[in-house]
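K.L.:
what would the 3D arrangement of this be:
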Amino acid sequence: MMKGVCLRYAKDEMEAEDMLQEAFIHAFRNLDKYNHRGALGGWLRRLTVNKALEFCRKNASFQRAKDGYQQVQSDPVSESNEIFKQIGLEELVAKIQQLPAGYRTVFNLYAVEGYKHKEIAEKLQITVGTSKSQYSNARQQLAEMIRQEQEDELKRMAYAKQ
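P.N.:
Sure, this is the predicted structure:
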């Protein structure tokens, strides 16, 4: 479960393993702080998300993405939702890993973890507008990746029939 969280925030498996190792070290050092009120899995998940965010904040490419985001026209949400429904979870995670660090982080916090843009802005020390823009851009880029892959598959199938 913890590795799955890290994979969503990391650009590749090796980075996810580094995040996971940091999360495990922190968990073991702070196990005495777990108060047994909630599920251990929930505590570990929150701790892992926080460690992944800490890792992202230290990453230079995340800093460049957060400082220099660009506004793009967003796709209609319903069109993007339909595109996302067409692929499996593992495939979506692989595509999320291809996103720039800022897009990937905000997308995960908003779409997967359920944070509000105001909370994301506070956690990442960015503006609410930047959070919204990063999320919109991430959705658009993911949708484009999926559309492009579908078009390539159709071309391969047409070529195979010839």
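
K.L.:
domain-wise, how is the chain divided?
P.N.:
The chain is divided into the following domains under automatic domain parsing: 1-58, 63-162.

K.L.:
so can I have CSV of these showing mean pLDDT?
P.N.:
Output for the domains of the chain, formatted as CSV (pLDDT from 0 to 100):
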stretch, mean pLDDT
domain 1-58, 88
domain 63-162, 78
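
K.L.:
give me the residues contacting the helix or strand harbouring residue 49.
P.N.:
Using DSSP states H and E, residue 49 falls within helix 40-58. For helix 40-58, the surrounding residues in contact (Cβ atoms under 8 Å, 6 or more residues apart in numbering) are 1-2, 5-6, 9-10, 15, 18-20, 22-23, 26-27, 30, 34, 62-63, 101, 105, 109, 113, 123-125. Every residue, glycine included, has its C-beta placed from N, CA and C.

K.L.:
PyMOL command to pick out the buried ones of these?
P.N.:
In PyMOL, this line selects whichever of the contacts of helix 40-58 come out buried by 16 or more other Cβ atoms under 10 Å:
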select buried, resi 2+5+6+9+10+15+19+20+22+23+26+27+62+101+105+109+113+123+124
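
K.L.:
the contacts of helix 40-58 in helices, which ones?
P.N.:
Among the contacts of helix 40-58, the members falling in helices (DSSP state H) are 2, 5-6, 9, 15, 18-20, 22-23, 26-27, 62-63, 101, 105, 123-124.

K.L.:
list the buried ones in the helix holding residue 49?
P.N.:
In helix 40-58, counting by 16+ other Cβ under 10 Å, buried: 43-45, 47-49, 51-53, 55-56.
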